[in-house]
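**Student:** pasting the sequence and the predicted model now:
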Amino acid sequence: MQNNVAVAVLCIAVGGIAAQWVAWRLRLPAIVLLFLIGLAVGPGLGLLQPSHGFGPALRPIIGLAVALVVFEGGLALDVQELRQAGGGVLRLTTVALPINALLGTLCAHLLTPMAWSTAALFGTITVVTGPTVVLPLLRQTRLERRATSFLKWEAIVNDPVGAILTALVLQIVVAPAGHAPDHLALRVAGGLALAIALGAGAALLVRQAFRHDQIPEILKTPILLATAFGLYAVSNAVLEDAGLAAATMFGVVLANLRLPGLSELRRFKEALVVLVVSALFIVLTADLHRDVLRHVSWRVLALTLAMLLVARPVAILLATVRSDLTWPERLLPAWIAPRGIVAAAIAGIAGLRLQGAGAEGADLIMPAVFALIAASMLLHGFTLRPLARRLGLTLDERPGLALVGASDWSLQMARALHEGGVPVLLVDTFPGALTAARNASLPVLQAELLSEHGRDELDGLAVDYLLAVTADEIYNAMLCSGFASEFGRERVFQLAPKGGFHDQERGVSRELRGKLLGEPALDYQSLAGRFQAGWRFELSGPVRSPGPDDKGAEGAPAEATSPGEEDGVVLLSILPNGALRIRSPEAPTEGINEGARNLLFRRPAADAGGVAVTGAVGDLERAPGDEGSPPERRGRPGRPSADQAAA
């Protein structure tokens, strides 16, 4: 027994997260690796047999896990984003769904021995494009905001709707004689309305409890999770699969109530969902019997191709006729429609019930759905990025950098990076501070990044690194702390503060600020003073490897160097493959890659041989002209200097 548990943990938990990491490192679709692991440890090697290990509890466990996934997905659905995406999302989630179900039914009946009732069940099962598949793919692909919204909203909304439609069709097919379909339809409509009302009502109650300080911080996340699970269970007791609608509605309403602190809770649930999705894919794939694989005949393969190449594209193109979607925005969802966990879970349950009712072709439900899931995950997982790139729907794939805080020197720094081919965005709240950048054709963003509007605006741009370079060191720390979870803690930087602010033991915790910028790090006053004294930002030429005659100290071979580096502060390096390496004394860079270019903050050429720039900020010798440096700006970015106001 213990050996079985150990094997299950290794296959499901360790194997799942290992697949996620490998996919991240190699930029591969994680779902494909998870699918292959499930096939290997299940039908392949027979190491994992979830149905035997979990028994009857497997399906309820899968249901609760899927409820958690759709709840977390609902938290990502912002009504503001829906308004910005226009009517395209509504077309995909309302008009396209019944067309897709109808075409799927026709394909199944014409290409396989399925009866009309069985084919109708297959058609409703396969309308869902699961968030467990789509959301991980979207995280790995830098799509434009509207294209992302179309795929995300369709996946999250269609999941519960498709599950409920499948439950309705199943009830009609297996209903005893004398049960009118209209009564079943009314029952389904009532159950769905109740599920939606329960989800929205629970969200409103949670808001009241949070705002009136009725729940301690340590219990907020457990209460949200328990509420989502409770809504799922209660709604399912009224109508099978209505629990997914209740959990989704709970997440959507919560997301749009703007509860303080919800972002921290969302980040925890995102991490939890990664583990859950990894486990679900491996468990459901490993649970496939070899008999199911043997039923994958040429008819099933023909049905799979028809669903991918005919049913889905035709449904999307018909549903989006005369909409505000462009042709590329119509073609992308016409092809990208990976099916996932919900389709597999429903097919397993519905197929068995149909077989028990003696429906013709019921034994083909699971093989046909499995073939469609496998084909769509493989094909769509590997083609999403190249297709989106070909259609012009991707953001710049080069690592982008946001400079927060417009000033004379940050403008010149942004210009140097821009001319060097680095996607750079200059951000400030004051429009006058960005005038010079606009005149120089530099990308700018006028927004308060700590606001919801600012976060939404930045979310749709190609930004991978954040450099907080305002005069307010506390504000810089707040920016870095706020965006650490989105960009990664190693990708948020700020100017060096004064007064031991960054001391490892007595200074502000590294959890609450960003890494220091530059080697050695500079503070705002030092940068502004040196800039006024004539120091400038420039990109060095590619780093060269030392020749055989180049010798370092005591005759040792010299290290690779960049011309003029000894005369300035190195802020970042641009590697030959376009990757960025931000320099910081808190993460010293060992060596310099051959072919890299460095962004230097250099003294004027006439002073280049004067004073070496070494040591920490406090050890930097004052450059000529520092005595006339402007006073340090206080407060947030957006408080203009005199020259900016004049501009």
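**Tutor:** The structure has been received and is ready for your questions. Numbering: from 1, shown residues only.

**Student:** which SS class is C480?
**Tutor:** Using DSSP: H, G, I helix; E, B strand; the rest coil, the structure places C480 in helix.

**Student:** where do the strands sit along this protein?
**Tutor:** Assigned strands in the chain, in chain order: 401-404, 424-428, 444-446, 465-468, 492-494, 515-516, 536-539, 568-574, 580-582, 597-602 (criterion: DSSP state E).

**Student:** quick one: those strands as TSV, columns for mean pLDDT, mean neighbour count and distance to L225 too.
**Tutor:** (C-beta placed from N, C-alpha, C; glycine too.) Output for the strands of the chain, formatted as TSV (pLDDT from 0 to 100; neighbours: other C-beta atoms under 10 Å; distance: least, C-beta to C-beta, whole Å):
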stretch	mean pLDDT	mean neighbour count	distance to L225
strand 401-404	93	26	33
strand 424-428	93	27	35
strand 444-446	91	20	35
strand 465-468	94	27	30
strand 492-494	92	28	29
strand 515-516	88	23	33
strand 536-539	90	19	48
strand 568-574	85	23	41
strand 580-582	88	19	37
strand 597-602	88	24	45
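
**Student:** without its sequence neighbours, what residue ends up closest to L458?
**Tutor:** Among residues not flanking L458 along the chain, L449 sits closest, at 6.2 Å (C-beta to C-beta, 6 or more residues apart in numbering).

**Student:** picking up where we left off before, P338: which of the strands of the chain is closest?
**Tutor:** The closest of the strands of the chain to P338 is strand 465-468. By C-beta to C-beta, the value is 30.4 Å.

**Student:** tell me how many other residues crowd the residue lying closest to V22 once chain neighbours are set aside.
**Tutor:** Leaving aside its sequence neighbours, V22 sits nearest to L33 (C-beta to C-beta, 6+ apart; 6.3 Å). L33: 23 surrounding residues under other C-beta atoms under 10 Å.

**Student:** one more: L305?
**Tutor:** For L305, using other C-beta under 10 Å, the count is 15.

**Student:** distance check, the most centrally placed residue in the chain against P29.
**Tutor:** Against the mean C-alpha coordinate of the chain, by C-alpha atoms, centre = their mean, the closest residue is R139 at 3.2 Å. In this view, R139 and P29 are 10 Å apart by C-beta to C-beta, to the nearest Å.

**Student:** then F281?
**Tutor:** On the measure of C-beta to C-beta, F281 and P29 end up 11 Å apart.

**Student:** higher neighbour count, the two?
**Tutor:** F281 (30 against 23).

**Student:** quick check: the more buried one touching T132?
**Tutor:** Yes: at 7.3 Å, F281 and T132 qualify as touching, with contact defined as C-beta atoms under 8 Å.

**Student:** pull up the overlap in contacts between those two.
**Tutor:** I31, G340, I341 (C-beta atoms under 8 Å, 6 or more residues apart in numbering).

**Student:** for the first one, what are its contacts?
**Tutor:** Shown in contact with I31 (C-beta under 8 Å, 6+ apart): T132, V133, P136, L137, F281, P338, G340, M377, G381.

**Student:** how about the second one?
**Tutor:** Contacts for G340 (C-beta under 8 Å, 6+ apart) come out as I31, V128, T129, G130, P131, T132, V133, V134, F281, I373, M377.

**Student:** let's see it at 10 Å
**Tutor:** Shown in contact with G340 (C-beta atoms under 10 Å, 6 or more residues apart in numbering): 31, 35, 66, 69, 128-136, 155, 159, 277, 280-281, 284, 373, 376-377.

**Student:** what are the buried residues along stretch 280-300?
**Tutor:** 280-288, 292, 295-296, 299-300 (16 or more other C-beta atoms under 10 Å).

**Student:** tell me which of those residues is nearest to T227?
**Tutor:** L280 (21.0 Å).

**Student:** now do the closest one against A67, distance only.
**Tutor:** Going from L280 to A67 by C-beta to C-beta gives 12 Å.

**Student:** now do E538
**Tutor:** 55 Å.

**Student:** now swap in L288 and tell me
**Tutor:** 23 Å.

**Student:** same question for R145.
**Tutor:** R145 is 28 Å from A67, by C-beta to C-beta.

**Student:** if we can go back for a sec, show me the contacts for the residue nearest to V22.
**Tutor:** L33 neighbours (C-beta under 10 Å, 6+ apart): 15-16, 18-23, 26, 278, 281-282, 381.

**Student:** hmm, 8 Å instead?
**Tutor:** Contacts of L33 (C-beta under 8 Å, 6+ apart): A19, V22, A23.

**Student:** what of D396?
**Tutor:** R142, P423, A462.

**Student:** my guess is the second one contacts A402, does it?
**Tutor:** No: in terms of C-beta under 8 Å, P423 does not count as a neighbour of A402; the distance is 9.6 Å.

**Student:** grab the nearest non-local neighbour of G243.
**Tutor:** Nearest to G243 is Y232, by C-beta to C-beta, 6+ apart, at 3.4 Å.
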